[in-house]
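[1] would you be able to build a 3D model of this:
(one chain, ligands or ions: 1)
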Amino acid sequence: MMKDIAFSDNLISQDIEVGETVGNVFAEDAKMSMRNVNVYYGEKQAINNVSLDLARNQVTALIGPSGCGKSTFLRCLNRMNDTIPICRVTGDLLLESEDIYAKNLDPVLLRARVGMVFQKPNPFPKSIYENVAYGPKIHGLAANKAELDEIVINSLQRAGLFQEVKDRLDAPGTGLSGGQQQRLCIARTIAVSPEIILMDEPASALDPIATAVIEELIDELKEKYTIAIVTHSMQQAARVSQTTAYFHMGQLVEMGKTEQIFTNPQHTLTENYITGRFG
Ligand SMILES: Nc1ncnc2c1ncn2[C@@H]1O[C@H](COP(=O)(O)OP(=O)(O)OP(=O)(O)O)[C@@H](O)[C@H]1O
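    Below you'll find the predicted structure:
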């Protein structure tokens, strides 16, 4: 299906092919814009001609059955797939108007702008303080110890963890509960002042109470950051996101406002998935 799209200001106006996606893949105020993205692992194609925007200061949920390519697509957005030798990405991926796959773009700097929180909390085997201070140190974000302290405290506060750890910043991060470790990883991501936070099933290893804390946090974080979250939980997608993208076998089948996707899906595949008939 060819569509004539009114692009946001920072994009060149052009016709693009949006595969078979139904709904609206474009945001009025896009923070990131992906166009005709294909991803291959060797000969095998995992993502097939996907185009979508991440709307600024919103949470976009990527949902779909196991193996449909959600994590693969998410990992394109900060070039984490670069670390997989057989993985090849084609298409246009823009952060604001900048091509994130440009040859002269340093992926390490990109990953500071587009941070990532993983399924399993993975704190470094260091103190709580050092976990958060590490990124700002290597990126030279603090001129002295007082500035570094401020970044660490602010990041822990914004991740909703400071009150619980303020008396034991020198204790190992790995000694915290799972939910606290995940918030520590979020603090670590925030510490380098990202613009976007990618979350790959950030609560799937947590109990319901820790999950609720993370979900509340995601809602607060969108005030400052643009967020994309992969989740297996449709309830979670419905609770935390404003926009939902439904993937199926490497294709983006449907995208739209979360409420509409869950109450009035347009595509049969989406309907089958959200009603539990598939996946
Ligand atoms: N490192 C890899 N090497 C080869 N193939 C891979 C690799 N990672 C993913 N794939 C394949 O790409 C496809 C998409 O996988 P991906 O993990 O992105 O899906 P997903 O929707 O996130 O799945 P899940 O919900 O189970 O995590 C699958 O067929 C998978 O086997």
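[2] list phi and psi for the nearest residue to Met234 once chain neighbours are set aside.
    Leaving aside its chain neighbours, Met234 sits nearest to Ile274 (5.9 Å; criterion: Cβ to Cβ, 6 or more residues apart in numbering). Bear in mind the C-beta positions are built from the backbone N, C-alpha and C, glycine included. With angles defined as degrees, to the nearest 10, Ile274 sits at phi -70, psi -20.
[3] Ile274 and Gln260 touch, don't they?
    No - checked against Cβ atoms under 8 Å, the pair Ile274 and Gln260 is beyond contact range at 11.3 Å.
[4] ok, back up a step: quick one: pLDDT of the residue nearest to Met234?
    With respect to pLDDT, Ile274 scores 94.
[5] what are the boundaries of the strands in this structure?
    Per DSSP state E, the chain carries strands over the ranges 2-4, 15-17, 22-23, 30-41, 44-55, 59-63, 87-95, 98-99, 114-117, 196-200, 226-230, 243-248, 251-257.
[6] turn the ones you listed into JSON lines, including distance to the ligand and mean pLDDT.
    Converted to JSON lines, the strands of the chain look like this (distance: least, Cβ to the nearest ligand atom, whole Å; pLDDT from 0 to 100):
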{"stretch": "strand 2-4", "distance to the ligand": "25", "mean pLDDT": "36"}
{"stretch": "strand 15-17", "distance to the ligand": "22", "mean pLDDT": "39"}
{"stretch": "strand 22-23", "distance to the ligand": "19", "mean pLDDT": "95"}
{"stretch": "strand 30-41", "distance to the ligand": "4", "mean pLDDT": "97"}
{"stretch": "strand 44-55", "distance to the ligand": "4", "mean pLDDT": "97"}
{"stretch": "strand 59-63", "distance to the ligand": "8", "mean pLDDT": "98"}
{"stretch": "strand 87-95", "distance to the ligand": "7", "mean pLDDT": "97"}
{"stretch": "strand 98-99", "distance to the ligand": "23", "mean pLDDT": "97"}
{"stretch": "strand 114-117", "distance to the ligand": "14", "mean pLDDT": "97"}
{"stretch": "strand 196-200", "distance to the ligand": "8", "mean pLDDT": "98"}
{"stretch": "strand 226-230", "distance to the ligand": "6", "mean pLDDT": "98"}
{"stretch": "strand 243-248", "distance to the ligand": "6", "mean pLDDT": "97"}
{"stretch": "strand 251-257", "distance to the ligand": "12", "mean pLDDT": "97"}
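[7] TSV for the ones you listed, including mean neighbour count?
    Shown next, in TSV, are the strands of the chain (neighbours: other Cβ atoms under 10 Å):
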stretch	mean neighbour count
strand 2-4	9
strand 15-17	13
strand 22-23	20
strand 30-41	20
strand 44-55	21
strand 59-63	26
strand 87-95	18
strand 98-99	12
strand 114-117	23
strand 196-200	24
strand 226-230	25
strand 243-248	26
strand 251-257	23
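[8] among these, which comes closest to Leu184?
    Proximity to Leu184 (Cβ to Cβ) singles out strand 114-117 among these, at 10.4 Å.
[9] spell out which parts of this protein neighbour the ligand.
    For the chain, the residues in contact with the ligand (Cβ under 6 Å from any ligand atom) are Tyr41, Ala46, Gly64, Ser66, Gly67, Cys68, Gly69, Lys70, Ser71, Thr72, Ile84.
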